[in-house]
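S.K.: below is the sequence, then the predicted model.
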Amino acid sequence: MRVLFKRLSICPAISCICLLLSACGPKQVPPGVVYCSEGNPESFNPQLVTSGTTVDATSQQIYNGLVDYDIHSGQIVPSLATEWTISDDELTYTFKLRKDVSFHHSSSFTPTRHLNADDILFSFNRVIDPQHAYYPISRTGYPFFQSIGFDTLIESIEKVSNDEVAFHLKNRDASFLSNLASGFAVVLSQEYAAQLKNEEQMETIDREPVGTGPFQLVKYVKNDYIRYHRNDHYWRQLPSAETLVFDITPKSTSRLAKLITGDCSVSALPKAGELPVVLEHEALEVDSMPGFNVAFWAFNTQRAPFNDVRVRKALAHAVDRENILRAVYQKTAVEATGMLPPMSWAYSENQSLIDYNPNKALALLEEAGVHDLTIDIWAMPVARIYNPNAHKTAELIQADLAHVGVKVNIVSYDWSVFNQKLSQRTYDSVLIGWNADNSDPDNFFTPILSCSSVQSNSNRSRWCNHEFDNILAQAKSITSKEKRKALYQQAEALFADELPMLPFAHATRLILKRKEVNSIQLTPFGGISFNADNQAVSVDHNEELR
């Protein structure tokens, strides 16, 4: 969706940036596509992480999955699987594999065969079978799959023939196909894995990836760049760009500067206050679409005093969320009334808000017997789609809580250290969020709020409620949308009663680009594709952002 902005008054700081950059003059866009990204990937295998930065750099560039998600129709569509059937009892999904799909060729690996069922078995058995040779190679586990209980869902994966594979489930799961369409469910080469095992270099599989995607990794220099080259053996139409470079640029203003001067052709995660700069440069434009995401302030419910729901609700009532939307998002987000965004088919317009009420906050703290409270808020050091500026958000919350006598220390680290320390579970609270991986409502609950997600470290509130889990299990066991919607709204109501985290925004997905670049495609979910020619659907209408 292309966004046309009204001319707005530009803040002095942005005006200064414009003046400095206009003196430089535009440069020729480098050959291929150069994407100013916000940070380093944690791995080159998205199965190992839940980081959006890693998904951007890997899922749709290097790999393919069995199925894709069509952003226009909302349907699951073929990818490496050309078709599939579901048994009458909904416990067996059988996929017919696409023929003549080649894996990447590199200096260290030359495939001797095309994709077959062995690759599917390797890719998924690795993440669910602790006895699998490659299972322990991941030091971080397989957080997305573990958070949704994928290992307990799968009874077995059967090689029916070289070009046919069957997933046998232990119980019905209406979200199964949607989860296979996520950016984590990628297919790796079993032949490459076998070669690395023989060479005793098994960890290389996640550092020097081999996939079937439109680009293949050439070189990665941490804190500097990732270089890809077009996969000339790609099974779909070849990408229009021969090269793709991720220019790792953590500061948003630096990304914008590089875009204006032509050093980058696409730029990630602009801050809302920077968008008016686009008006001063005819060569630039903003692409946008509503996002399936939620930004939230998560309380560590396994630490006092956050194990007391009265304290959690007191802190929530003390926060002016409308002020956060004005100051941080500047009309590029909608206020969250729960976990599900308005785009979700299970969204409830009747969901009650946690109102801004400092007096109620004071009364709840008094009722809980909490006085002179000091808390830490961990704030992400990088921009994310759901929150372009977590540190500023933390400062606004800090000011709000001071009005009810709560002192706030703001804590931050380098992004990789930040993620590592979160897994140690020593924080009081954290400002973070979630980009949905698919359109199924379950994706906003099971991966980040279930008891299994506590164990996989993707549940930042560390809240485990078995009644909540039972509701989610019921919702996944049926296919009726109306019945599922009622159950997810029941889950939202229980979440609101317990409030393990405070959701405050659903952000619009924004990206800056030079007008001549047409090879990118945003999706409502995490991830970005630089091979838009092969997207099932492109968005082709304009909307004015107000």
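M.R.: Arrived safely, thanks for sending. Note that the structure is a prediction, hence the values are computed from the model and not measured.

S.K.: contacts and neighbour counts: CA atoms only from here.
M.R.: Noted.

S.K.: could you find the closest non-adjacent residue to T446?
M.R.: Once flanking residues are discounted, T446 sits nearest to I148: 5.6 Å by Cα to Cα, 6 or more residues apart in numbering.

S.K.: report the separation between that neighbour and D442.
M.R.: Note on I148: its distance to D442, by Cα to Cα, to the nearest Å, is 9 Å.

S.K.: tally of neighbours for the residue nearest to T446?
M.R.: 25 (other Cα atoms under 10 Å).

S.K.: residues touching it, list them.
M.R.: Residues near I148 by Cα atoms under 8 Å, 6 or more residues apart in numbering: 446-447, 452-453.

S.K.: wait, which of the residues you listed is closest to S477?
M.R.: Nearest to S477 among the contacts of I148 is T446, at 13.6 Å by Cα to Cα.

S.K.: these two touch, right, the closest one and S453?
M.R.: Yes: if you go by Cα atoms under 8 Å, T446 and S453 touch, sitting 6.9 Å apart.

S.K.: quick check: neighbours shared by the two?
M.R.: With Cα under 8 Å, 6+ apart applied, the overlap between the contact sets of T446 and S453 consists of 147-148.

S.K.: which secondary structure elements does the longest strand seen in the chain contact?
M.R.: Longest strand in the chain, counting residues (DSSP state E): strand 501-514. On a contact count with 3 or more Cα pairs under 8 Å, 6 or more residues apart in numbering; DSSP states H and E, strand 501-514 meets helix 252-261, strand 266-268, strand 284-290, strand 293-299, strand 333-335.

S.K.: let's see the pLDDT reported for A295.
M.R.: Looking at A295, its pLDDT stands at 98.

S.K.: just give me the neighbour total for the closest residue to it other than its chain neighbours.
M.R.: Of all residues not flanking A295 in the chain, G433 sits nearest, at 4.1 Å (Cα to Cα, 6+ apart). By the criterion of other Cα under 10 Å, G433 has 23 neighbours.

S.K.: a helix runs through G433, doesn't it?
M.R.: No: remark: G433 does not belong to a helix; assigned using DSSP: H, G, I helix; E, B strand; the rest coil, it is strand.

S.K.: state the distance from it to C36.
M.R.: From G433 to C36 the distance is 22 Å (Cα to Cα).

S.K.: kindly report the same for Q420.
M.R.: 24 Å.

S.K.: same drill for those two, tell me which one is more crowded.
M.R.: The neighbour comparison of Q420 against C36 (other Cα under 10 Å) goes to C36, with 29 against 13.

S.K.: where does the more buried one fall, phi/psi-wise?
M.R.: In terms of degrees, to the nearest 10, the main-chain angles of C36 are phi -80, psi 100.

S.K.: next one: the one 4 residues further on
M.R.: N40 adopts backbone torsions of phi -80, psi 140, taken as degrees, to the nearest 10.

S.K.: give me the number of residues near T212?
M.R.: Neighbours of T212 under the rule other Cα under 10 Å: 29.

S.K.: hmm, which helix or strand of this protein has the shakiest average pLDDT?
M.R.: strand 542-544 (a mean of 28; mean pLDDT, DSSP states H and E).

S.K.: before we move on, the earlier item: higher neighbour count, T446 and S453?
M.R.: S453 (26 against 22).

S.K.: any idea how far the more buried one is from A473?
M.R.: Distance from S453 to A473, by Cα to Cα: 14 Å.

S.K.: mind checking the helices and strands packed on strand 501-514 for the one nearest to S240?
M.R.: strand 266-268 (15.1 Å).

S.K.: how about S456, what does it touch?
M.R.: If you count contacts by Cα under 8 Å, 6+ apart, S456 has them with 141-144, 146-147.

S.K.: next one: stretch 190-209 to chain centre, how far?
M.R.: Taking the mean of its C-alpha atoms, stretch 190-209 sits 27 Å from the chain's own mean (Cα atoms, centre = their mean, to the nearest Å).

S.K.: what are the buried residues along the lengthiest helix in the chain?
M.R.: Longest helix of the chain, by residue count under DSSP state H: helix 481-498. Of the residues in helix 481-498, 484-485, 487-489, 491-493, 495-496, 498 count as buried by neighbour count, 16 or more other Cα atoms under 10 Å.

S.K.: what does stretch 422-432 give?
M.R.: Taking 16+ other Cα under 10 Å as the neighbour-count basis, stretch 422-432 is seen to contain the buried residues 422, 425, 427-432.

S.K.: hmm, who's touching it?
M.R.: Stretch 422-432 has contacts (Cα under 8 Å, 6+ apart) with 295-300, 303, 306, 375-380, 387, 390, 394, 457, 460-461.

S.K.: if we go to 6 Å?
M.R.: Residues external to stretch 422-432 that are found in contact with it (Cα atoms under 6 Å, 6 or more residues apart in numbering): 296-300, 376-379, 457.

S.K.: among these, which two are most distant?
M.R.: Longest span within these, Cα to Cα: D376 and N457, 19.2 Å.

S.K.: who has more neighbours, these two?
M.R.: Remark: of D376 and N457, N457 carries more neighbours, 23 against 16, as counted by other Cα under 10 Å.

S.K.: quick one: secondary structure of the more buried one?
M.R.: Put simply, N457 is coil when judged by three-state DSSP.

S.K.: equivalent analysis for the one 4 residues further on, please.
M.R.: For S461, the reduced secondary structure class is coil; criterion used: three-state DSSP.

S.K.: what count of nearby residues applies to the closest residue in space to it that isn't next to it in sequence?
M.R.: Distances taken as Cα to Cα, 6+ apart put N300 closest to S461, at 4.6 Å, once the chain neighbours are dropped. Neighbourhood size, N300 [other Cα under 10 Å]: 24.

S.K.: gap between N300 and S265?
M.R.: Counting by Cα to Cα, the gap from N300 to S265 is 40 Å.

S.K.: what does F495 give?
M.R.: F495 sits 42 Å away from S265, going by Cα to Cα.

S.K.: how about the contacts made by V34?
M.R.: Listed by Cα under 6 Å, 6+ apart, the contact set of V34 reads 244-246, 264-265.

S.K.: kindly apply the preceding question to L364 instead.
M.R.: L364 neighbours (Cα under 6 Å, 6+ apart): 310, 314.

S.K.: which element is it on?
M.R.: In the assignment (DSSP states H and E), L364 maps to helix 358-367.

S.K.: next step: the contacts of S456 restricted to helices.
M.R.: The members of the contacts of S456 that map onto helices under DSSP H are 143-144, 146-147.

S.K.: any idea which of those residues has the most stuff around it?
M.R.: F144 (27 neighbours).

S.K.: quick one: the helices in the stretch 201-350 of the chain?
M.R.: Assigned helices in the stretch 201-350 of the chain, in chain order: 204-207, 252-261, 309-317, 321-324 (criterion: DSSP state H, counting those that start in this stretch).

S.K.: give me the helices and strands touching the last one, please.
M.R.: It stands for helix 321-324. If you count contacts as 3 or more Cα pairs under 6 Å, 6 or more residues apart in numbering; DSSP states H and E, helix 321-324 packs onto no helix or strand.

S.K.: for that helix, list every residue counted as buried.
M.R.: Under 16+ other Cα under 10 Å, the buried positions of helix 321-324 are 321, 324.

S.K.: state the distance from N223 to N231.
M.R.: As judged by Cα to Cα, N223 and N231 stand 25 Å apart.

S.K.: so between these two, which is more surrounded?
M.R.: Using other Cα under 10 Å as the criterion, N223 and N231 rank with N231 on top: 24 against 14.

S.K.: helix, strand or coil for I375?
M.R.: Here I375 is recorded as strand under three-state DSSP.

S.K.: residues contacting it?
M.R.: Neighbour list for I375: V408 [criterion: Cα under 6 Å, 6+ apart].
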